[in-house]
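Participant: Mind folding the following:
(3 chains)
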Amino acid sequence: MDPRRALAGHAPDVAVLLLGATVTSTAGGERVALRLTEVEAYGGVGEDPGSHAHRGRTTRNAAMFGPPGHAYVYFTYGMHWCLNVVTEDAGQAGAVLLRAGEVVAGLDVARDRRPAAARDRDLARGPARLAAALAVTGVLDGIDLLATDGPLALSLPTVPASDVVVTARTGVGGAGASTSWRFHLDGEPTVSPYRPARPRRLPASGSG
DNA sequence: CGCACGATTTGCT
DNA sequence: GCAAATCGTGCGA
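Facilitator: Reported below is the predicted structural model:
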């Protein structure tokens, strides 16, 4: 099947397809490859309160509205980058956040980029760690992940992953938390530890 | 123009 | 287990 067409589906469906896929990075001058073990889906305008695209197109989330199979890279908490694969046809928003992976090539390079990692399983365990291991930064926002000559290349697994586990999303509060759009491979040591969404203070302090 | 906050990680207790 | 680190983005005025 044409990978571009496969990625044009609804984000949660595409998320499952991405488990077991390989992401190869030559950004930063050296090669590191990952096998994806954990992903999380985000929806479009008005569909998903936890999504960056929920309130419509902005400068930051523009890539989410672009063609499928491209990268959406954003910066958060003043220090971290996160990498997404854009889903849905152009004009419609959707993305899959790459949350964790197993390093399958360039182990020494990944260790160098992630000095804080105590073990190899921690090298790409968590979305910002994954981005760091692959040397992903904002300059890669919007690039085509299906191009073989670019700094990032995505190749879908030939056989769909079995042993897929579905859970609620991490770090998403409000109504979005109830959406079970987080997927990971069962028994994978590289899967990031589940952390419930940070409780939000009520907007109106009111009676009390 | 100013303010509040975030799809997180790390280090210390 | 908890709080700090750190700044671009989005939105209101």
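Participant: Low-confidence stretches in chain A?
Facilitator: Counting by pLDDT under 70, chain A contains low-confidence residues at A:170-178, A:195-208.
Participant: Can you show me the helices along it?
Facilitator: A:3-7, A:11-18, A:107-113, A:127-133 (DSSP state H).
Participant: separation between A:L98 and DNA strand B?
Facilitator: 9 Å (C-beta to the nearest atom of the strand, to the nearest Å). For the C-beta atoms, the positions are set from N, CA and C on the backbone; glycine is no exception.
Participant: ok now do the closest residue to that residue other than its chain neighbours, which residues does it touch?
Facilitator: Sequence neighbours aside, A:L83 is the residue nearest to A:L98 in space, at 5.0 Å (criterion: C-beta to C-beta, 6 or more residues apart in numbering). By C-beta atoms under 8 Å, 6 or more residues apart in numbering, A:L83 lies in contact with A:71-73, A:97-98, A:127, A:130-131, A:134, A:136, A:140, A:152.
Participant: just to revisit the earlier point, kindly state which of the helices of chain A is positioned closest to A:F183.
Facilitator: Taking C-beta to C-beta, helix A:11-18 is the member of the helices of chain A nearest to A:F183, at 5.1 Å.
Participant: which parts of the closest one are buried?
Facilitator: Going by neighbour count (16 or more other C-beta atoms under 10 Å), the buried part of helix A:11-18 is A:11-12, A:14-18.
Participant: Same check on stretch A:60-68?
Facilitator: Residues of stretch A:60-68 classed as buried by neighbour count (16+ other C-beta under 10 Å): A:61, A:63-68.
Participant: One more: stretch A:44-62?
Facilitator: Applying a neighbour-count criterion of 16+ other C-beta under 10 Å, one finds A:44-45, A:47-54, A:61 buried in stretch A:44-62.
Participant: swap in stretch A:26-44?
Facilitator: Quick answer for stretch A:26-44 (16+ other C-beta under 10 Å): A:26-28, A:32-44.
Participant: still on that earlier bit, okay, and which of the contacts of A:L83 map to strands?
Facilitator: A:71-73, A:97-98, A:152 (DSSP state E).
Participant: Name the nearest of those residues relative to DNA strand B.
Facilitator: Using C-beta to the nearest atom of the strand, A:L97 is the member of the ones in strands among the contacts of A:L83 that lies nearest DNA strand B, at 3.3 Å.
Participant: And the closest one, how far from A:L7?
Facilitator: Taking C-beta to C-beta, to the nearest Å as the measure, A:L97 falls 14 Å from A:L7.
Participant: likewise A:P189?
Facilitator: Counting by C-beta to C-beta, the gap from A:P189 to A:L7 is 27 Å.
Participant: More neighbours: those two, which one.
Facilitator: Neighbour count, other C-beta atoms under 10 Å: between A:P189 and A:L7, A:L7 has more, with 27 against 12.
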